[in-house]
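*Asks:* the sequence and its predicted three-dimensional model are supplied below.
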Amino acid sequence: MIGYVTLGSNDIPKAAEFYDALLALQGATRIIEDEHFIAWSPDPKSPAVSIIKPFDGNEASVGNGTMVALIFKGTEQVDAFHAKALELGGTDEGAPGPRGSGGFYAAYFRDLDGNKLCAFCFTDAS
């Protein structure tokens, strides 16, 4: 259903460096890019995460209540992704751990522009 999500950035080169290193943990590389837009995906036919300098010329801003959630196969991957985001200069918005019921395990952080992301997986809920 989702083709790609776009996060605004005011510093494309800095954001690109952050996402090159972070999304590599999911096997994603740049699939489309120009001076104002870059998209990463494990392959061009899979959903992508992208950054963009806003087309209208105004500063990028963070949407209150907006978040991008990326799915992983296990808790170790969620933990590693969250740790890498913080290592790259992201800020913690919720350490890795179980959330609610149903085996939902998640970690939250903000990127260098303040966009909120979540890394999550489902564990055995037993």
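*Replies:* Thanks, I have the structure now.

*Asks:* alpha carbons only for contacts and neighbour counts from here, please
*Replies:* Will do.

*Asks:* pLDDT below threshold where in the chain?
*Replies:* Residues of the chain that meet the criterion pLDDT under 70 lie in 125-126.

*Asks:* quick check, Cys121 in a strand?
*Replies:* Yes: assessed with DSSP: H, G, I helix; E, B strand; the rest coil, Cys121 lies in a strand.

*Asks:* do I have it right that it meets Ala106?
*Replies:* Yes: with contact defined as C-alpha atoms under 8 Å, Cys121 counts as touching Ala106 (6.6 Å).

*Asks:* who has more neighbours out of those two?
*Replies:* For Cys121 and Ala106, the more surrounded residue by other C-alpha atoms under 10 Å is Ala106, and the numbers stand at 24 against 20.

*Asks:* residues contacting the residue lying closest to the more buried one once chain neighbours are set aside?
*Replies:* Excluding its sequence neighbours, the residue lying closest to Ala106 (C-alpha to C-alpha, 6 or more residues apart in numbering) is Phe120, at 4.2 Å. Taking C-alpha atoms under 8 Å, 6 or more residues apart in numbering, we find Phe120 in contact with 69-72, 75, 78, 104-107.
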